[in-house]
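A.B. asks: Sequence first, predicted model second:
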Amino acid sequence: MKQRHVVPLLLTLLLLILVALNALEYFRNDQRAADISYNIQKIQTLQKDVEDLTMDLEEAGEELALQKDDTEKLQAVYDARQEEIRLMQDTLLLQQLYVEEKQMTVDGYDAAQKIDTILLSLHNAFRENLGLGTLSTENFLVDVATLRSEEAHELWSHTRPDGSFCLDLIPLSRPAAENLSYIKRTELKTDEDYCREVAEKLFQSLLDSPTHYENIVKNEMEHIGIRTYVTREVEENVFRFTTAYIFSN
């Protein structure tokens, strides 16, 4: 009797265990499903964040591109303005050089006239001390001296730039002689003291040369043409006074 009651009880207990195991497995599956659903939602959220970040990056890239384009445009405008400023500075410099050159031409001509006058008086005073006659200015000889002073600045020689001799400019019927001298100064002035100092230096260089000295004291010479050519030597930053003296009777 007791055995018959034990079997059903065991069966019932076994059934209850099976039911419990099934319930536990169901719970576990349900938990897995919940975890999977949670993970899917999390992935979807991350995907949405990635999409948002991608859009932000694209917008930032477009903004940077626009900023770069604006920067390039501003740089182009800046470069154009700088070029305009450079051109204006070059123009101003040329204008200043033009004004300085005009002023130098005026001052140079004024100084040259004074120097030539002083040189004539120095020649005559020197000749008078030697008992020689004074020299008078002759326009033709002045014209020749004007040409020769410019040529001598170009080519420091009694031979002309075209290869001919300097005195070929004077008729053969007239005895003639040529002297040349030059001096350099760091500044150009037109006052009397400055011009006299330049003239005396030029004249002394003639006296120091035997051949030039001989021309100064030739008794047969009666006329002279003197011309000083003033130039600015840019490379040396000095002013050069080149003087030609043409003697004849």
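C.D. replies: Happy to help now that I have it.
A.B. asks: List the residues that contact F203.
C.D. replies: For F203, the contacting residues are 119, 122-123, 126, 181, by Cβ atoms under 8 Å, 6 or more residues apart in numbering. Heads up, the C-betas are built off the backbone N, CA and C, glycines and all.
A.B. asks: Give me the mean pLDDT for stretch 226-242.
C.D. replies: Mean pLDDT, stretch 226-242: 93.
A.B. asks: Closest one to G163 out of the contacts of F203, please.
C.D. replies: Nearest to G163 among the contacts of F203 is S181, at 22.7 Å by Cβ to Cβ.
A.B. asks: For the closest one, which three-state class applies?
C.D. replies: When classified by DSSP: H, G, I helix; E, B strand; the rest coil, S181 comes out as strand.
A.B. asks: Look up how far Y245 lies from it.
C.D. replies: Look at S181 and Y245: by Cβ to Cβ, to the nearest Å, they are 8 Å apart.
A.B. asks: Find residues that contact each of these two.
C.D. replies: L206.
A.B. asks: Pick out whichever of these two has more residues nearby.
C.D. replies: Y245 (29 against 22; other Cβ atoms under 10 Å).
A.B. asks: Bridged to that one, which residues?
C.D. replies: When assigned by DSSP bridges, Y245 has beta-bridge partners N179, I226.
A.B. asks: Buried among the contacts of F203? Make that a ChimeraX selection.
C.D. replies: Here is the ChimeraX command that selects the buried residues among these (16 or more other Cβ atoms under 10 Å):
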select :119,122,123,126,181
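A.B. asks: okay, among the contacts of F203, which ones form the most distant pair?
C.D. replies: F126 and S181 (14.2 Å).
A.B. asks: Tell me which residues touch Y213, please.
C.D. replies: 206-207.
A.B. asks: List phi and psi for it.
C.D. replies: phi -60, psi -40 (degrees, to the nearest 10).
A.B. asks: quick one: contacts for the spatially closest residue to K201 that is not a sequence neighbour?
C.D. replies: Spatial nearest neighbour of K201, excluding adjacent residues (Cβ to Cβ, 6 or more residues apart in numbering): I183 at 5.1 Å. By Cβ under 8 Å, 6+ apart, the contact set of I183 is 198, 201-202, 205, 240-241.
A.B. asks: Looking at the residues you listed, spot the one nearest A60.
C.D. replies: R240 (69.1 Å).
A.B. asks: tell me the SS of the closest one?
C.D. replies: From three-state DSSP, the assignment for R240 is strand.
A.B. asks: quick one: it and K73, what's the gap?
C.D. replies: R240 is 53 Å from K73, by Cβ to Cβ.
A.B. asks: Helices of the chain, start to end?
C.D. replies: For the chain, the helices defined by DSSP state H occupy 2-129, 139-154, 192-207, 210-216.
A.B. asks: can you redo the ones you listed as TSV with mean pLDDT and distance to L169?
C.D. replies: Below are the helices of the chain laid out as TSV (pLDDT from 0 to 100; distance: least, Cβ to Cβ, whole Å):
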stretch	mean pLDDT	distance to L169
helix 2-129	75	19
helix 139-154	96	5
helix 192-207	97	20
helix 210-216	98	16
